[in-house]
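Undergrad: got a sequence here, can you model it:
(one chain, ligands or ions: 2)
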Amino acid sequence: MTDRIITIIPIGEIDSSILDFISWSIEETFRITTARLPNHNLSSEIPPPLYGNRYNSTSILQHLSEKISVNALRLLAITELDLYSPIFSTLYGEAQLNGKCALVSLHRLRQEYYNLPPDQTIFLSRFHKVVIHEIAHTFGLIHCIDKNCIMYPSSNVIDIDEKSPLFCPSCNPKLLSNI
Ligand SMILES: [Zn+2]
Ligand SMILES: [Zn+2]
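TA: Ligands and ions are numbered 1, 2, ... in the order given. Next up is the predicted model:
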């Protein structure tokens, strides 16, 4: 029996105000209730980091889908860890297409990472876009060629900043029919 809930699992310490923000953001977008698990420490359970302390996001996703049993529709993990995947040397998040799990890293979303003054509004806007994009992959949405659509792939934070926080007229009906 699967509960119609999106469960959020913090990997390591994540500020609770950030988690509150993203719960609200997810509920507003998908109209699905969220729940939260306690912090989970992965360090002993996943392969050690490579490339200057980046963790393999695909391994983390696999670990989550195999080891974390929750009766949720979807599982979103949030981490401060820096990520890479077998395909991308760095990334903001990864999801299982039509699967259960999504993973998002906060590591490269803050202005401070780029030696710029902190800006919470920019940070939360990026966080929203990455999370909604990744969860939408779990509902079967693929990348979109519309540069304004939230499903446009982002290779840097400028791409994230330039796209809209919303689904384009082509992606929106697909999302609605899949959730
Ligand atoms: Zn994507
Ligand atoms: Zn689109």
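Undergrad: phi first, then psi, for Phe30.
TA: Main-chain torsions, Phe30, degrees, to the nearest 10: phi -100, psi -10.
Undergrad: could you report the neighbour count for it?
TA: Phe30 has 19 neighbouring residues, counting by other C-beta atoms under 10 Å. Yep, even glycine has a C-beta here, placed from its N, CA and C like the rest.
Undergrad: and it, how close does it get to Ile6?
TA: Phe30 sits 7 Å away from Ile6, going by C-beta to C-beta, to the nearest Å.
Undergrad: which residues do the two both contact?
TA: Ile135 (C-beta atoms under 8 Å, 6 or more residues apart in numbering).
Undergrad: which stretches of the chain form strands?
TA: 3-11, 33-36, 54-56, 72-79, 82-84, 93-95, 101-105 (DSSP state E).
Undergrad: could I get the ones you listed in JSON lines, plus columns for mean neighbour count, distance to Phe127 and mean pLDDT?
TA: Below are these laid out as JSON lines (neighbours: other C-beta atoms under 10 Å; distance: least, C-beta to C-beta, whole Å; pLDDT from 0 to 100):
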{"stretch": "strand 3-11", "mean neighbour count": "19", "distance to Phe127": "12", "mean pLDDT": "93"}
{"stretch": "strand 33-36", "mean neighbour count": "16", "distance to Phe127": "14", "mean pLDDT": "96"}
{"stretch": "strand 54-56", "mean neighbour count": "21", "distance to Phe127": "18", "mean pLDDT": "91"}
{"stretch": "strand 72-79", "mean neighbour count": "24", "distance to Phe127": "9", "mean pLDDT": "94"}
{"stretch": "strand 82-84", "mean neighbour count": "21", "distance to Phe127": "14", "mean pLDDT": "92"}
{"stretch": "strand 93-95", "mean neighbour count": "24", "distance to Phe127": "10", "mean pLDDT": "96"}
{"stretch": "strand 101-105", "mean neighbour count": "26", "distance to Phe127": "7", "mean pLDDT": "96"}
